[in-house]
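[1] Using only what follows, build the 3D model:
(one chain, ligands or ions: 1)
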Amino acid sequence: MYVNLRALRLLILLNDGMYHSVNSLAKYFRCSLASIYFLVIQLQKYNVDVVNIDGYGILLNKPIVWLDAELITRYISIESEKLELRLFDIIDSTNNYFLSQLKRNTLIKDLTSVTVAEFQTNGRGREGRIWRCGFGNGLLFSICWRFEKGVSNLSGLSLVVGIAILRVLRSYAIQNINIKWPNDILCNFHKLAGILIEIRGEVCGPSYAIIGIGINFNLSKSIIPLINQRATDLSSVTGDLINRNQVLGRLLSELYNVLNEFAYYGFSSFKKEWISYHSYEGCEVDLIFPNGLAITGIVDGVTDDGAICLLTLEGKKSFNIGNIAIRSRIH
Ligand code: BTN
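    Residues are numbered from 1 along each chain as shown. Got it, this is the predicted structure:
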C-alpha cells in the first residue's frame, strides 16, 4: 500500500504545535510551494487537523503523542515475549493484515500477534460499516488469538472482549462507560469504542479469532461529521489526553488474561460482570433483525453463550443477532 512518507515527515515537523511558513517548509524539503500544499492535502486525507492560516503558516491543531512499541511493552504486565507487536503508521485495516496472514499461513503458532496502526485507509466496522478515525486520534489494533477448540465454541467471545475494555477504561475512573449488546462500548450513550471479530478455522479446531478494536481518544474535527452514528472520544469525556501507549499496554494484558479464561471456562464465568455493564438491562427495547423485522421486549440478562434475553409477550426468549434500540427505561 502506498504511504506518503514525505507527508509523514511533515507531520513529525508540525508536531511541535508551532506555525511553519510554507516558504520555510519548501526550503526544508527542497521542493516547490505547490508540493508543500500537496503534502498538506495528503495529511488532510489522513484526517489530520492541519490548517494553513494566511500570514502565519501551517499549523497542526492537535499535536500527536505517537505510539511507541517500547512504551507499550513497558505497560504490559504479562511476559512480553508471548506477544509479537507490530506497529504501522498507515495500514489498510489491522484486521485485514491478519486475514491475509492466515490465508498465506504465515502466523507463528506459539505467539499471540498484535497489529497496531496510527491510521487505517480501509478501517472496517461491524455489518459492513466503515470505521473512521483520524491519524493518531485513537487506538486501532487487532489481536490474533488461537483457540484449540472449534469455531462453534467461541460464542460469547465478543462480549468477553468488551469486558476487558470496560475494566481498563473504568480503571481511569471514567464515569458512565457501559456496553450495548453485543459489544458496542458507549459513554453517555455515544459510541466510544467498537469491536470487530472475524473467525477462521476448523469445526473441530483449532480456530483463530481476529479481534479488532477501535477506541476513540481525540477525534479530529474533520472526522466527526463523517461518522454516521453518535460518537464520542476519551478527551471529550475526561477533558484530558489519556496516554494511548499506557491504555494499549494495559488492554493487551487484560485481553491476554480474559482470553485465556474464556478459552478454559467459556462465557458463563463472565456473565454476571457483563450484565452489570449492560446499559440496557431492564429496559424495554426493540431488537431489530438484519431483515428489518423487530421484536419488542424487556432486557433480562444474557445466556451462557452471550445471546440476549428478552421478556416478550410470548415469554422469555433469547437471540443471537440483531441490534437493540431503546423504547423506555423500566427501572
Ligand atoms: C464496530 O463497528 O463497532 C466495530 C469497529 C471495529 C474497528 C476496529 S479498528 C481496528 C480493527 N481494524 C478494522 O478494520 N476494524 C477494527
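
[2] residue in the stretch 1-150 of the chain nearest to the ligand?
    In the stretch 1-150 of the chain, the residue that lies nearest the ligand is residue 125 (2.7 Å; CB to the nearest ligand atom). C-beta here means a position set from N, CA and C on the backbone, and glycine is covered the same way.

[3] neighbours around the nearest residue to that residue once chain neighbours are set aside, how many?
    Distances taken as CB to CB, 6 or more residues apart in numbering put residue 131 closest to residue 125, at 4.2 Å, once the chain neighbours are dropped. When neighbours are counted by other CB atoms under 10 Å, residue 131 registers 19.

[4] quick one: pLDDT of residue 131?
    Looking at residue 131, its pLDDT stands at 97.

[5] Show the contacting residues for it.
    With contact set as CB atoms under 8 Å, 6 or more residues apart in numbering, residue 131 has these partners: 120, 123-125, 140, 194, 196, 214.

[6] Quick one: distance of the longest helix anywhere in the chain to the chain centre.
    Longest helix of the chain, by residue count under DSSP state H: helix 244-265. Here helix 244-265 shows a centroid-to-chain-centroid distance of 14 Å under the convention CA atoms, centre = their mean, to the nearest Å.

[7] and it, what other elements does it pack with?
    The contact analysis (3 or more CB pairs under 8 Å, 6 or more residues apart in numbering; DSSP states H and E) places helix 244-265 against helix 69-74, strand 112-120, strand 138-147, helix 157-170, strand 207-216.

[8] Close to the ligand: what parts of the stretch 151-300 of the chain are there?
    184, 194-196, 212-214 (CB under 6 Å from any ligand atom).

[9] 5 Å instead, please
    194, 196, 212, 214 (CB under 5 Å from any ligand atom).

[10] by contact count, what packs against the helix or strand where the first one lies?
    When elements are assigned from DSSP states H and E, residue 194 belongs to strand 190-201. The elements that strand 190-201 packs onto, with contact taken as 3+ CB pairs under 8 Å, 6+ apart, are helix 94-104, helix 157-170, strand 184-187, strand 207-216.

[11] Return the most buried member of those.
    Highest mean neighbour count among the helices and strands packed on strand 190-201 (mean count of other CB atoms under 10 Å): strand 207-216, with a mean of 24.

[12] and the very next helix or strand once past that strand, what's its mean pLDDT?
    Of the helices and strands lying after strand 207-216 in sequence (DSSP H and E), the nearest is helix 234-238. The average pLDDT within helix 234-238 is 92.

[13] Could you export helix 234-238 as PDB, CA atoms only?
    Taking Å, rounded to 0.1, in the frame of the first residue of the first chain, the C-alpha atoms of helix 234-238 are listed here in PDB:
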ATOM      1  CA  LEU A 234     -12.000   9.900  25.600                       C
ATOM      2  CA  SER A 235     -10.700  13.500  25.500                       C
ATOM      3  CA  SER A 236     -14.200  15.000  25.400                       C
ATOM      4  CA  VAL A 237     -15.300  12.700  28.200                       C
ATOM      5  CA  THR A 238     -12.400  13.300  30.500                       C
END
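
[14] and the residue of the stretch 151-300 of the chain nearest the ligand?
    Per CB to the nearest ligand atom, residue 194 is where the stretch 151-300 of the chain lies closest to the ligand, at 2.2 Å.

[15] Give me the distance between that residue and residue 99.
    In this view, residue 194 and residue 99 are 18 Å apart by CB to CB, to the nearest Å.

[16] follow-up on the earlier one: report the contact partners of the nearest residue to the residue of the stretch 151-300 of the chain closest to the ligand once chain neighbours are set aside.
    Nearest residue to residue 194, sequence neighbours excluded (CB to CB, 6+ apart): residue 214, at 5.2 Å. For residue 214, the contact set (CB under 8 Å, 6+ apart) comprises 123, 125, 131, 133, 138-140, 193-194, 196.

[17] From those, keep the buried residues only.
    The neighbour-count test (16 or more other CB atoms under 10 Å) marks 123, 125, 131, 133, 138-140, 193-194, 196 as buried among these.

[18] and which of the residues you listed is nearest to residue 255?
    Among these, residue 139 lies closest to residue 255 (CB to CB), at 12.2 Å.

[19] Contact partners for that closest one?
    116, 213-215, 217, 244, 247-248, 251.
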